[in-house]
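Visitor: fold the following and give me the result.
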Amino acid sequence: MKGGSGVAEPSVVVERVEDADKEKKKKRRSNRRSKHNSACNSANEARGETSDGFKSEDKTNGLTSVNRSSSKQGLEMASIEQTPVRAYFEGFMRKKLFATHWHIEAVKDALEKGEAFKALFHVNAHNRLEAYCKIDGVPTDVLVSGISSQNRAVEGDTVVIKVDPLGLWTKMKGSNESSNKSTVVEDCNIVQEVNEVADNSYKGKGIVDAECEYGNGRSGVPLEKGVYNETPVTKAEAYNHVNGHHQYGSESLHVGLLPVQNECINSVDTLAAMTSRYPLKRPTAKVVAIVEKSVRRDAIVGFLNVKQWLSYRELDRKDAQKNSATFDNEYVTLTPTDPRFPKMIVFVRDLPDSIQKRLADGDVTVEMELLASRIEDWSAESPFPRAHVSRSFGRGSELESQINAILFQNAIHCADFPPQVLSCLPSIPWKIPPKEFQTRKDLRDLCVFTIDPTTVSELDDALSIEKLSKDTFRVGVHIADVSYFVLPNTALDVEARIRSTSVYLLQRKIQMLPSLLSEELGSLNPGVDRFAFSMFWELNNMGDVLDRWIGRTVIRSCCKLSYKHAQDIIQGVTDLEKSNTLEGLPQLHGKFEWADVIRSIKCLREISKNLKEKRFSGGALQLESTKVVYLFDEDGVPYDSSLSELMDSNFLVEEFMLLANMTAAEVISRAFPHSALLRRHPEPNMRKLKEFEAFCRKQGLALDTSSSSQLNQSLEKLKEKLKDDSVLFDILISYASKPMQLASYFCSGQLKENLNEWGHYGLAVPLYTHFTSPLRRYPDIVVHRTLAAVIEAEALYMKHRKALKGKDALSSAALKHGIPSSELLGDVAAYCNERKLASRHAEDACEKLYMWYLLKKWKILLSDARVLGLGPRFMSVYIQKLAIERRIHYDEVEGLTVEWLGSTSTLVLSLSGHKRLFKRGGPGNYMSLGNAAWVVNPYDLSMETDSIDECDATCTPKGGAEPTSKSRVDPGTFPLTVRMLSTIPVALYAIGGDDGPLEIGVRLYMSSYLK
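Guide: Numbers count the residues shown, from 1 in each chain. So this is what the prediction gives:
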């Protein structure tokens, strides 16, 4: 019964009522399972730890306290992912493993009543058992833990979730209070069902699956089928743990001891209030429906596990009836390269004919190829989704194959522009039509220039500055007027909207617009007349805006400067007093001299410094991260890398582009309050921000995260404090970025009731949009059209003021310039968000690919690393040389003794001659020492290294050469004592390629006479 507050009376929540017979059977099964669960916990107790540097530790009794988690989740994943596929179709298809998804009517009703929430489903790439959903209006994300609670949802799905009562919420990482949450462990039931019909010996191909490797769950264990049972749980089932330690509490042995813990969560406001009231708890939930399937389902890239299939096929040959060449009832597993997706099963009969023929011939090299596939179905009776393979990209070790797979995986449209699109462009040679000078301001006599990276051929923006008086300047930002060429609803416009953004893959560029437009007609190339959308501001020395003008113009850039050219001018390297220093500058066009350009850049630099200072005093946040730059040979193959940082010239350009974007946002939102395309940046993820605070507090570093301004000031103070420890500051910036949410486009009309959600957290401004890059971003073209409509409406109104209302003038101009309706513009914004994120993923994947390729070429790279997270099973390290984080696992390693001192968070690793044959909690041998450490003999350090210690064939490169390293790295020695933020020597190497997904591996770099 619901009270006036909309909150259910305290009660045990049961979402589906089972009949009496089923309840009795369930209780009998539960009794049997309790023994099994106890055994699981005893065998795997030490494997349930989480290594994370963001955990605040409870030193009481020497135990570390963190959010509830279960080693059973790791066992569950290992059991399901490692069970032979054949077993599923002999037993599993008769069993229901997942709860039935709600019908659409039930979903609508629950959403209307606030009893369920719609959200995007995201999966932890390090631990697929851990997923999360962000609900608008709720300050922290909601955890969906375990495969039964995830209920067949995959990365990117739009799902409906049912939030658990407070008593089942997990503990927030970094909190010091003991958990009072209770759990009923049900997910392990799926493991038991797996093991009833199949053994658990198959370990897949290559390295251990990421799901198993990181299956050390850091969250509360979800319930099966939505039933919250009051049955008491044993101490083996109800425990808190981190880093392999367990903490018991009598208060956690029953569900629903406190009335508030069983209250039903039935509105966003209620959920937001509860997260604020209990900041040390993280909401948990389960998926009850999938309302929109992710486009990623249609773009899965993976490897077939051919050797496993061939071994079973060989066994079947003993039975003549099963020896069929048609593959009608045979399956093979597919392992996705993206660890967020589960393994999949594929009908052999549905494979492309070429692959079927190779399988029939016993060709195991099929296993080395990257395959394109899509998810066809995932029934409630199958632990795996069923996939369909469409084609092969080629060998996984080849750059071209990997790049094509990346493009497919992110649905990047890279085909040539069709004739109907190219026909929309003007004929060549092209000149500005004379009539355009009647409606545009002629700025060809103004000193205008561009500043861009050296390799850029699409010149979107240019700058100018004029001195009006001693303390007053007119600064101009001139943006390529692409909307003149890309008219609404033409074939060119449709193609640009579909592509949405240009994609840059280091050595390959996939343009949003044809090169004739993006690199020639629309690009602000020097020495030629070009259309522009210009903004002028009259500014004083302090950066205060005194006046402004916006309009369409014609400009002629006098030169194309690189950031390095501008930086040399700023630093005085380029000086008119030394004529020989001008030799490296580009060609200068028109009547201007280098003195004009140099003077302009120096004035712009001073004004930009004032603008930047004003922004940060107003609350802006800046998170500068180190970027890896790759060096390529003439064939486009990487041969080296270096770290790059932004220069003053980068910030000079940035300040004026930000000012232009903010000005455009203000103008279009005021003129078209319901159909302006804007960009917002929500406040950070509260849970991750608290973890970052806890990490800094533990290291004795002061951090104030109460606002973007306070956070930025704290980081500036830390930068000064850590000026002699740049690596630690890089680490802090990296982790400060993690709580930040993605900025996104939105239509003003769709958030007209929530004006407080329009703001941009990072820039600390109420209104923002994208206006300055129309050659490579479609939203900028939409904003240009909107600005053009505002300018035309204003001119129309001024001309017919007596006969025409301002509203009518705006409507007429909006129709002419193709301004979309609020609903259509919302769809455009959502699509552009999706394409921008896909572009970012593709670019990140390409950078990782080139990093992997370099390491494969070098065989091994030695480097120092800083320890970010520490526990008895693995440590997290940051390698500044490559600006990446990685984990080193050292538990269950043959010949290695691990001593974990929880009270001081200290790890001691020693070599041991003790022979251990089997892993704890499961069959199989211990990992070889080479998986955790590259151990060299001190005698060999003075000689050139000819080879790398032989390690597991699944993860260790062989036949290496002297590591490529720009500085000498000395190996560590045993026993090795490690604490948080310790500096340790590591060896990095390439994993995968032909034998699995690409990964950057890392091991300790050690020396020992016992080698």
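Visitor: give the burial count for the nearest residue to residue 776 once chain neighbours are set aside, as a bare number.
Guide: Distances taken as CB to CB, 6 or more residues apart in numbering put residue 502 closest to residue 776, at 3.8 Å, once the chain neighbours are dropped. Every residue, glycine included, has its C-beta placed from N, CA and C. A count of nearby residues for residue 502, using other CB atoms under 10 Å, gives 18.
Visitor: now do the contacts for residue 502.
Guide: 458, 509, 510, 511, 512, 513, 518, 775, 776, 777, 839 (CB atoms under 8 Å, 6 or more residues apart in numbering).
Visitor: let's see that with 7 Å instead.
Guide: 509, 510, 511, 512, 776 (CB atoms under 7 Å, 6 or more residues apart in numbering).
Visitor: centroid residue for this structure?
Guide: Centroid-nearest residue in the chain: residue 841, 7.1 Å away (criterion: CA atoms, centre = their mean).
Visitor: I'd like to know which elements the host helix or strand of that one is packed against.
Guide: Residue 841 belongs to helix 822-858 when assigned by DSSP states H and E. Counting contacts by 3 or more CB pairs under 7 Å, 6 or more residues apart in numbering; DSSP states H and E, helix 822-858 packs against helix 399-409, strand 503-504, strand 638-644, strand 744-747, helix 778-799, strand 983-991, strand 999-1007.
Visitor: in a markdown table: these, plus mean neighbour count, distance to residue 764 and mean pLDDT.
Guide: Shown next, in a markdown table, are those (neighbours: other CB atoms under 10 Å; distance: least, CB to CB, whole Å; pLDDT from 0 to 100):
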| stretch | mean neighbour count | distance to residue 764 | mean pLDDT |
| --- | --- | --- | --- |
| helix 399-409 | 20 | 35 | 96 |
| strand 503-504 | 21 | 29 | 96 |
| strand 638-644 | 14 | 27 | 86 |
| strand 744-747 | 21 | 17 | 97 |
| helix 778-799 | 22 | 21 | 94 |
| strand 983-991 | 22 | 36 | 96 |
| strand 999-1007 | 23 | 36 | 95 |
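Visitor: so for the residue nearest to residue 776, what's the pLDDT?
Guide: Per-residue confidence (pLDDT) for residue 502: 97.
Visitor: quick one: it and residue 782, what's the gap?
Guide: Per CB to CB, to the nearest Å, residue 502 is found 16 Å from residue 782.
Visitor: can you name the residues bridging to residue 531?
Guide: Beta-bridge pairing for residue 531 (DSSP bridges): residue 554.
Visitor: domain parsing for this protein?
Guide: With domains defined by the TED database, the chain comprises 104-170+267-292, 298-315+328-395, 420-683+741-846, 859-916+926-941+965-1007.
Visitor: what is the end-to-end distance of the shortest one?
Guide: It refers to domain 298-315+328-395. 21 Å (CA to CA, to the nearest Å).
Visitor: need the mean per-residue confidence for that domain.
Guide: In this model, domain 298-315+328-395 carries a mean pLDDT of 92.
Visitor: not counting its neighbours along the chain, what's nearest residue 673?
Guide: Distances taken as CB to CB, 6+ apart put residue 748 closest to residue 673, at 6.0 Å, once the chain neighbours are dropped.
Visitor: cool, and residue 657?
Guide: Spatially, and ignoring its direct neighbours in sequence, residue 657 is nearest to residue 772 (4.6 Å; CB to CB, 6+ apart).
Visitor: any idea how far residue 748 is from the one you found?
Guide: Going from residue 772 to residue 748 by CB to CB gives 19 Å.
Visitor: also residue 737?
Guide: Distance, residue 737 to residue 748, using CB to CB: 28 Å.
Visitor: more neighbours: which of those two?
Guide: residue 748 (24 against 14).
Visitor: wait, the more buried one sits on residue 670?
Guide: No. Using CB atoms under 7 Å, residue 748 makes no contact with residue 670, being 10.2 Å away.
Visitor: all helices of the stretch 351-500 of the chain, in order?
Guide: 353-360, 399-409, 419-422, 436-439, 491-499 (DSSP state H, counting those that start in this stretch).
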